[in-house]
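Peer 1: generate a structure from the sequence data that follows.
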Amino acid sequence: MDNAVAAPPSPRSDIDSAAIKDSIRQKAKELGFAQVGISDCDLADDEASLLAWLRAGYHGELEYMSSHGLRRSRPEALVPGTCRIISVRMDYRHPQGESPEEVLARSDLGYVSRYALGRDYHKLIRRRLQRLADHIEGEVGPFGYRAFADSAPVMEKPLARNAGLGWIGKHTNLINRDAGSWFFLGELYTDLPLEADTRASDHCGRCRACIDACPTGAIVAPYRLDARRCISYLTIELKGSIPPDLRPLIGNRIFGCDDCQLVCPWNRFARTQDIDAFSPRHGLDASSLVDLFAWSEKEYERRTEGMALRRIGYERWLRNIAVALGNAGTSDRIVKALESRLDHPSAMVREHIVWALGRHAVHPQA
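Peer 2: Below is the predicted model of the structure:
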């Protein structure tokens with residue numbers, strides 16, 4: 001559940017906005033947030049873009065993108081009384097771990113998106129936002145608020161852009177000119193009429209590195225993503241079979257994809273943060289596909305406890321690794337690993353294993 005304080009929303013004219021903003025920034029820094037900004041609730045242009053994106057069907061099976069009506073683009077409809085949103089940024093690239101580029105170049109290794117190598121960030125950020133809210137309450141008294149971290153119908157990137165934290169790049173991720181794009185976002189919806197910050201301007205220019213680098217061509221136009229082709233969607237959100245024509249393009253990516261961030265010129269300014277919660281766990285920054293495929297369901301549950309990897313479940317975990325094994329260089333070890341699970345109870349897992357074996361010119365009997 002998201003955190004909330006049961007304070008009746010009402011206009012506040014008794015606060016020193018500038019002093020409160022300074023206090024919020026100082027406390028946010030103490031809590032490990034790299035940046036904080038404040039925006040109003042106006043998302044009219046983003047609402048129009050969202051509705052057009054949904055009409056085009058680019059959301060695929062992401063039904064939650066349309067199931068909340070306009071509450072996603074109208075903060076005051078989601079949390080009555082909201083007039084300002086406090087957006088925060090937390091950098092997650094950890095100094096430890098193997099180079100993403102080197103892992104992607106090794107077809108026998110499994111690539112896990114860098115954000116998912118450590119603890120699941122949702123609860124961590126919400127807890128720290130709660131502490132920020134407690135601090136604000138100590139300054140101004142009871143106030144209405146609700147904390148979010150990718151946990152409700154919230155347009156977090158447009159809100160963060162409006163709060164001055166960065167601009168939305170052509171790959172649809174938020175980019176900060178001083179810190180790149182390797183960061184999480186969180187929000188406090190509040191009824192405090194704080195002075196809003198200045199919206200960040202776009203600095204992508206003519207660059208199209210992310211568009212050209214996308215393995216599946218999911219960035220169909222600048223600032224327009226077809227989620228149905230995105231590897232993050234295919235390996236995390238999609239519940240059923242991965243379309244056969246997209247499987248070879250996934251390579252060794254078994255949970256998410258970072259290619260558009262890896263090529264972004266602004267990420268030369270990205271900062272690493274030695275936050276223990278985000279340090280790579282269980283060697284997942286560069287693990288053998290064969291070793292990962294051998295995990296039992298109990299091992300998977302144990303090793304992914306408290307991690308974002310847990311959300312896809314064991315069946316999709318095996319599905320994704322089977323695809324990656326099909327894209328790896330042929331070896332007896334890889335073929336034997338695939339054959340060892342041909343009797344798996346999941347028809348979906350078996351389907352992807354048979355496909356993978358076919359990529360190695362092995363055609364098991366029906």
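Peer 1: element containing the nearest residue to residue 215 once chain neighbours are set aside?
Peer 2: Once flanking residues are discounted, residue 215 sits nearest to residue 249: 4.9 Å by CB to CB, 6 or more residues apart in numbering. C-beta here means a position set from N, CA and C on the backbone, and glycine is covered the same way. Using DSSP states H and E, residue 249 sits within helix 247-250.
Peer 1: buried stuff in that helix?
Peer 2: Taking 16 or more other CB atoms under 10 Å as the basis for neighbour counts, the residues of helix 247-250 that come out buried are 247, 249-250.
Peer 1: do stretch 256-269 as well
Peer 2: For stretch 256-269, the neighbour count (16+ other CB under 10 Å) marks 256-264, 266-267 as buried.
Peer 1: save those residues as TSV, and put in secondary structure, distance to residue 243 and pLDDT too.
Peer 2: Listed next are those as TSV, based on DSSP: H, G, I helix; E, B strand; the rest coil; distance: CB to CB, whole Å; pLDDT from 0 to 100:
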residue	secondary structure	distance to residue 243	pLDDT
256	coil	18	98
257	coil	16	98
258	coil	21	98
259	helix	19	98
260	helix	20	98
261	helix	24	98
262	helix	24	98
263	coil	24	98
264	coil	27	98
266	helix	32	97
267	helix	29	96
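Peer 1: so residue 184 belongs to a strand, correct?
Peer 2: Yes - with DSSP: H, G, I helix; E, B strand; the rest coil as the criterion, residue 184 is part of a strand.
Peer 1: that one touches residue 87, doesn't it?
Peer 2: No - because the distance of 11.1 Å does not satisfy CB atoms under 8 Å, residue 184 is recorded as not touching residue 87.
Peer 1: give me the more crowded residue out of the two.
Peer 2: Between residue 184 and residue 87, counting by other CB atoms under 10 Å, residue 87 is the more crowded of the two (29 against 20).
Peer 1: could you list the paired strands of the host helix or strand of that one along with their orientation?
Peer 2: Assigned by DSSP H and E, residue 87 belongs to strand 84-91. Strands flanking strand 84-91 in the sheet, each with its direction: strand 35-39 (antiparallel), strand 183-190 (antiparallel) (DSSP bridges).
Peer 1: can you say which of those strands is nearest to residue 64?
Peer 2: Nearest to residue 64, of all those, is strand 183-190, at 16.9 Å by CB to CB.
Peer 1: burial measure for residue 240, as a count.
Peer 2: Burial measure for residue 240: 10 neighbouring residues, criterion other CB under 10 Å.
Peer 1: tell me who's in contact with it.
Peer 2: Residue 240 sits next to residue 348 when contact means CB atoms under 8 Å, 6 or more residues apart in numbering.
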